[in-house]
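1. Predicted model and sequence below, questions to follow.
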Number of protein chains: 2
Amino acid sequence: MKSEHIPKATIGRLAVYIQVLENLLRDGNEVISSEKLARACSVNSSQIRKDLAYFGEFGVRGVGYYVQELITSIKASLGIDRVWKCALIGVGNMGSALLRHHDFEKRGFKICAAFDCDPDKIGLEFEGMEIVCPTHLKEQAPELNLEIGIIATPPDRAQRAANHLVDANIKGIINFAPSRINVPKHIPVEYVDFFDHLYAIAFQITLGTD
Amino acid sequence: MKSEHIPKATIGRLAVYIQVLENLLRDGNEVISSEKLARACSVNSSQIRKDLAYFGEFGVRGVGYYVQELITSIKASLGIDRVWKCALIGVGNMGSALLRHHDFEKRGFKICAAFDCDPDKIGLEFEGMEIVCPTHLKEQAPELNLEIGIIATPPDRAQRAANHLVDANIKGIINFAPSRINVPKHIPVEYVDFFDHLYAIAFQITLGTD
DNA sequence: CCAGTCATGTGAATTTTTTAACAAGTGGAA
DNA sequence: TTCCACTTGTTAAAAAATTCACATGACTGG
Ligand SMILES: NC(=O)c1ccc[n+]([C@@H]2O[C@H](COP(=O)([O-])OP(=O)(O)OC[C@H]3O[C@@H](n4cnc5c(N)ncnc54)[C@H](O)[C@@H]3O)[C@@H](O)[C@H]2O)c1
Ligand SMILES: NC(=O)c1ccc[n+]([C@@H]2O[C@H](COP(=O)([O-])OP(=O)(O)OC[C@H]3O[C@@H](n4cnc5c(N)ncnc54)[C@H](O)[C@@H]3O)[C@@H](O)[C@H]2O)c1
């Protein structure tokens, strides 16, 4: 039962399923039931079946799901069965950690260009990439086929970085800076905010305590 | 209309409200209506009023919300009107970036101890803190009053790190490693996963494209 | 081949979350 | 003082997401 609108929460869970399924595969599991997968992901098993049903039928009744096959299917459903080329703006603490983190490439998100406006950083080589000024984004994006922009500048520079990305016809943006940005609404933006999680933990602890 | 159960999504939005309100305050705004705040956060204004209603009445009819006061109220509601002491496990790429990121402290989450099992790292000083072996967690946690554990080890070490944290009576855990961990269920765990957001962007771009 | 067991996919029931609508309260102008 | 333009807090309605429940198909052992 394929469907057109898919809840945002479903996408988040699919990311979890992939994570758990990959660990299962590594441990030698070839088949898994929605019930067992559900326990490993701390969700309801109907939830899993429903989430998958948005995209197609991937299981075998009476048997379960073939792990490798399911991973492949989910990835294809999400559109991550290919390489997405990314541009990083802001090579500070966070940006450097991202560049050094090779999981991105392993999972199909390759950071192909790094931009920073600090004259001391421009020209430096980092992880095999030359750091360049964001004004070059517009010419480099089509050359390198950059599709996703990753903002890791200070918050008051995030909008400027976003403008460069929009100007370069980037298709989607991840913003690590704690500030909202305005972009044309056909460009999806995702905000990564650790404090969100810290607040959630603090709140849950506080709830339990008093 | 105070309430007992609060949706998880509400907590996430409160984090956004704080972010936007702090920027508003910096720009000199003293009062804001739910309508304007809603626009800045890309949500519905009823949503904001409802989210706030879970915790109390913070606005003035016909006027709006006093920005500073609202920030203070939200923080008190979430339990982040105090300092939470954190322990970091795993001082690699990610862990170092976190230690160098002084926003944590500014926002009330102070990383007071850093643990790593790498003999080459143990004993080193980093950001004014000595890196120690995780086996010392149990003795240091009560001494330093550590309440929240931050896991930044490789994924296959996350469970081990979690065990140390549980053993040290930590009250909540943030896990940056892409693997699920098992802990007693009175201990809240939050998973920080960038891929979640990358997948969401890739999916949204793919949707629009075809 | 049949009976019994297991586990998916899915419509229906339930629960939760979001949005709309409005009564009630505020402050300023006339 | 009275009106008017605003904006909150809250109830009611709508929409969305989650969970249940089971018919349907798959495999196993006898
Ligand atoms: N470091 C962390 O652990 C962490 C955690 C959560 C969020 N963040 C957020 O990530 C962002 C970056 O953090 P950081 O610790 O790397 O800060 P940082 O100061 O180390 O790095 C910021 C970098 O951005 C560059 N920059 C500034 N303006 C620019 C512009 N207009 N165009 C291109 N580059 C520009 C600076 O030159 C600098 O290299 C911040 O918004 C921060 O709040 C960081
Ligand atoms: N670097 C990033 O940008 C990034 C982004 C997203 C997620 N992550 C995740 O964060 C985690 C850390 O990433 P990283 O890039 O810092 O890796 P890293 O290899 O640089 O650092 C890992 C650190 O953990 C230490 N460690 C290993 N086992 C340990 C144990 N049992 N107890 C204590 N310390 C232990 C290692 O000695 C090392 O210092 C990984 O799980 C990674 O997937 C990193």
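-> Nice, thanks for sending it over. Ligands and ions are numbered 1, 2, ... in the order given.

2. show me the biggest helix of chain A in terms of residues.
-> Within chain A, and with DSSP state H defining each element, the longest helix by residue count is helix A:8-26.

3. quick one: is that helix near ligand 2?
-> No - judged by CB under 6 Å from any ligand atom, helix A:8-26 makes no contact with ligand 2; its nearest approach is 10.4 Å. C-beta here means a position set from N, CA and C on the backbone, and glycine is covered the same way.

4. Near DNA strand C, which residues of chain A are found?
-> A:1, A:32-35, A:45-46, A:49-50, A:52-53, A:57-65 (CB under 7 Å from any atom of the strand).

5. mind listing which of these are in strands?
-> A:32, A:65 (DSSP state E).

6. Got a PyMOL select line for the buried ones in the residues of chain A next to DNA strand C?
-> Remark: buried members of the residues of chain A next to DNA strand C, expressed as a PyMOL selection using 16 or more other CB atoms under 10 Å in any protein chain shown:
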select buried, chain A and resi 32+34+49+52+58+59+64+65
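
7. Low-confidence ranges, chain A, go.
-> Confidence mapping of chain A against pLDDT under 70 gives the ranges A:1-3, A:209-210.

8. Up against DNA strand D, what does it have?
-> So chain A meets DNA strand D at A:5, A:7-10, A:43-44, A:46-47, A:49-50, A:60-63 (CB under 7 Å from any atom of the strand).

9. Give me the phi and psi for the closest residue to DNA strand D within chain A.
-> Of all residues in chain A, residue A:62 sits closest to DNA strand D, at 2.2 Å by CB to the nearest atom of the strand. Taking degrees, to the nearest 10, you get phi 80, psi -10 for the backbone angles of residue A:62.

10. Residue A:192 now?
-> Torsion angles, degrees, to the nearest 10, at residue A:192: phi -100, psi 120.

11. mind listing the strands for chain A?
-> Secondary structure of chain A (DSSP E): strands located at A:31-32, A:65-66, A:84-89, A:109-115, A:125-126, A:129-132, A:148-151, A:172-175, A:189-191.

12. Walk me through the domains of chain A.
-> For chain A, the structural domains run A:3-78, A:84-195, going by automatic domain parsing.

13. Would you point to the one among these that's packed deepest?
-> Of the domains of chain A, the one with the most neighbours on average (mean count of other CB atoms under 10 Å in any protein chain shown) is domain A:84-195, at a mean of 19.

14. I figured residue A:33 hits residue A:62, correct?
-> No - between residue A:33 and residue A:62 there is no contact, the gap being 9.9 Å when judged by CB atoms under 8 Å.

15. For chain A, what lies in contact range of ligand 2?
-> With CB under 6 Å from any ligand atom as the criterion, chain A comes near ligand 2 at residues A:97-98, A:101, A:103.

16. And those, which is closest to residue A:162?
-> Nearest to residue A:162 among the residues of chain A next to ligand 2: residue A:98, at 17.1 Å, using CB to CB.

17. I'd guessed that closest one sits against residue A:111; true?
-> Yes - here residue A:98 reaches residue A:111: they are 6.9 Å apart, a contact under CB under 8 Å.

18. shared neighbours of the two, anything?
-> When CB atoms under 8 Å, 6 or more residues apart in numbering or on different chains defines a contact, the residues bordering residue A:98 and residue A:111 alike are A:88, A:104, A:150.

19. What residues does the last one make contact with?
-> Spelled out, it's residue A:150. Residue A:150 is in contact with A:86-89, A:95, A:98, A:111, A:173-174, A:176, counting by CB under 8 Å, 6+ apart.

20. Same check on residue A:151?
-> A:89-90, A:158, A:161-162, A:165, A:173-177, A:181.

21. residue boundaries of the helices in chain A?
-> A:8-26, A:34-41, A:45-53, A:67-78, A:93-100, A:103-106, A:137-144, A:158-167, A:194-209.

22. Distance to ligand 1 added to those helices, as CSV?
-> CSV is the format used below for these (distance: least, CB to the nearest ligand atom, whole Å):
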stretch, distance to ligand 1
helix A:8-26, 19
helix A:34-41, 26
helix A:45-53, 29
helix A:67-78, 25
helix A:93-100, 3
helix A:103-106, 16
helix A:137-144, 9
helix A:158-167, 5
helix A:194-209, 5
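
23. Make TSV out of these and add distance to residue B:203.
-> Output for the helices of chain A, formatted as TSV (distance: least, CB to CB, whole Å):
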stretch	distance to residue B:203
helix A:8-26	6
helix A:34-41	19
helix A:45-53	13
helix A:67-78	5
helix A:93-100	20
helix A:103-106	17
helix A:137-144	21
helix A:158-167	19
helix A:194-209	20
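
24. Tell me which of those sits nearest to residue B:128.
-> Per CB to CB, nearest to residue B:128 of those: helix A:93-100, 16.2 Å.

25. The closest one near chain B at all?
-> Yes - for helix A:93-100, a contact with chain B is found by CB under 8 Å from any CB of the partner chain, at A:93-94, A:96-97, A:100.

26. How about chain A: which residue is closest to ligand 1?
-> The nearest approach of chain A to ligand 1 comes at residue A:92, 1.6 Å away (CB to the nearest ligand atom).

27. start to end distance for stretch A:89-107?
-> Taking CA to CA, to the nearest Å, the first and last residues of stretch A:89-107 lie 20 Å apart.

28. Which residues does that stretch contact?
-> Applying CB under 8 Å, 6+ apart, the external contacts of stretch A:89-107 come out as A:80, A:86, A:88, A:110-111, A:114-116, A:121, A:126-127, A:129, A:131, A:134, A:137, A:149-154, A:157, A:161, A:164-165, A:176-177, B:93-94, B:96-97, B:100-101, B:178, B:195, B:198.

29. how about a cut-off of 7 Å?
-> A:88, A:110-111, A:114-116, A:121, A:126-127, A:131, A:134, A:149-153, A:161, A:164, A:176, B:93-94, B:97, B:100-101, B:195 (CB atoms under 7 Å, 6 or more residues apart in numbering or on different chains).

30. Then stretch A:71-80?
-> Counting by CB under 7 Å, 6+ apart, A:14, A:17-18, A:21-22, A:25, A:55, A:58, A:81, A:108, B:199, B:202-203, B:206 sit against stretch A:71-80.

31. ok, now with 6 Å
-> A:14, A:18, A:21, A:55, A:58, A:81, A:108, B:199, B:202-203, B:206 (CB atoms under 6 Å, 6 or more residues apart in numbering or on different chains).

32. how far is it from where the chain is centred?
-> Offset of stretch A:71-80 from its chain centre (CA atoms, centre = their mean, to the nearest Å): 13 Å.

33. burial count for residue A:207?
-> 13 (other CB atoms under 10 Å in any protein chain shown).
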